[in-house]
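Participant: Model the following, please.
(chains A and B)
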Amino acid sequence: MSVPDFGRFSDPALLILASLAGGEKHGYNMMEDIETISGIKLGPGTLYGALSRLEAHGFIEVVQTDNRRKPYKLTALGLTTLETTLSKMHSFTQEGLQRLGANE
Amino acid sequence: MSIWLRLIVQLYPRAWRERYQDEFLAMLELCEISVWDYCDMAFSSLETRLLDSRGKLMKDLLNRVTGLVALVSVLMLLMALLFVSDENTAEFLLVTSPVLSLALIPSLHRVLNIHAPKATNALKWIGISSILVLAISVVVNNIATNVTLAAVFALGFTWLVGLWLIGVNILGIRTRVFTRMLALIGIAVGVAWMYTMSYTIIFSAIGTSYSSYPQLMSIQNISLFTLIFGYIIWALGLSVLLISGTLSRKLQLVY
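Facilitator: Next up, the predicted model:
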């Protein structure tokens, strides 16, 4: 399958998908988790902007709860998309590192 | 919750707030909000508004273009019936007109889907089934050359299209998407289509001419008249509604 182009929203979207790969989380937990795994602190506006777009495209879905803080989880589409995107990034990183090693 | 946070959330589009405001505010209660976070939210709200309005503009434009295509199809049909004397040109216009009017279907389904998703979905499957049955009828007629079986499938196609047309208009009345008069004309067109086409297919299959049944001729003529001129009024009305934006505005209600 082709990897969807998130355009200039790709970083927050990918960070959210990666965070949710570790299990369902609500907004604040996602912000903290993303900061832990990537060192990037997403602003609340950026986070919810990306969340709403990911939900609209069917990559994530809300977990029904009575709590005001709604947890989100990956859909099957979101999981496949994340796997494909990360695999491509992994190949690219490996190739780049090999080239750097060859130049040293 | 500070008044500034409540104010900044108001910058988001209404539909976005209806869906996310409560959980967004619940998350903000746990955050230490910096000046940069306020800037981030202000920027994000503008971005959401921009993307939202761009989507609406595209939908609006699509519906208006559909309306224009339907209008062209009606004008072609009128030209073929009233003004064109050359047989080949008239035939071309008569064949092209209904093909162009197919453009109405996605727009109608998009508008009705907002108000009655389940019923619209059922209608969509009736429409898809009709195309499949038509394809089978063409195959049976041309490859298997079984005229009787082809006629049965052609009847199936006719009834499915008729059901679709009647269903769309009943849904149009129930959801108040169409005006009542326009929908009633649409239902009459559906009934006339089913009668005229069934009559034609059955008579053609059994190899009999209409003239053998003079008592049915007047009913057939009324049905044909209702079908052609009813369709012209119905498609004309829908295209005007779409071009003027009356139907398109109904789409603006959804995010």
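Participant: So the longest helix belonging to chain B, near chain A or not?
Facilitator: The residue-count maximum for a helix in chain B (DSSP state H) belongs to helix B:35-82. Yes: judged by C-beta under 8 Å from any C-beta of the partner chain, helix B:35-82 and chain A are in contact via B:Trp36, B:Asp37, B:Cys39, B:Asp40, B:Met41, B:Ala42, B:Phe43, B:Ser44, B:Ser45, B:Glu47, B:Thr48. Bear in mind the C-beta positions are built from the backbone N, C-alpha and C, glycine included.
Participant: Only the buried subset of these, as a ChimeraX command please.
Facilitator: In ChimeraX, this line selects whichever of the residues of helix B:35-82 next to chain A come out buried by 16 or more other C-beta atoms under 10 Å in any protein chain shown:
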select /B:37,40,41,44,45,48
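Participant: So A:Glu61: helix, strand or coil?
Facilitator: The local conformation at A:Glu61, judged by DSSP: H, G, I helix; E, B strand; the rest coil, is strand.
Participant: Who are the contact partners of the residue nearest the centre of chain B?
Facilitator: Nearest to the mean C-alpha position of chain B, by C-alpha atoms, centre = their mean, lies B:Leu108 at 2.4 Å. The neighbourhood of B:Leu108, defined by C-beta atoms under 8 Å, 6 or more residues apart in numbering or on different chains, consists of B:Val168, B:Leu238.
Participant: Which of the helices or strands spans it?
Facilitator: helix B:104-115 (DSSP states H and E).
Participant: before we move on, the earlier item: following the longest helix of chain B, which helix or strand shows up next?
Facilitator: helix B:87-101.
Participant: Just the angle for that following helix relative to helix B:35-82, thanks.
Facilitator: In terms of direction (axes from the mean of the first three to the mean of the last three C-alpha atoms, to 10 degrees), helix B:87-101 departs from helix B:35-82 by 150 degrees.
Participant: What are the buried residues along helix B:87-101?
Facilitator: So helix B:87-101, judged by 16+ other C-beta under 10 Å, has buried residues B:Leu93, B:Ser97, B:Leu100, B:Ser101.
Participant: Likewise for stretch A:47-61?
Facilitator: Buried-residue list, stretch A:47-61, by 16+ other C-beta under 10 Å: A:Leu47, A:Tyr48, A:Gly49, A:Ala50, A:Leu51, A:Ser52, A:Arg53, A:Leu54, A:Glu55, A:Phe59, A:Ile60.
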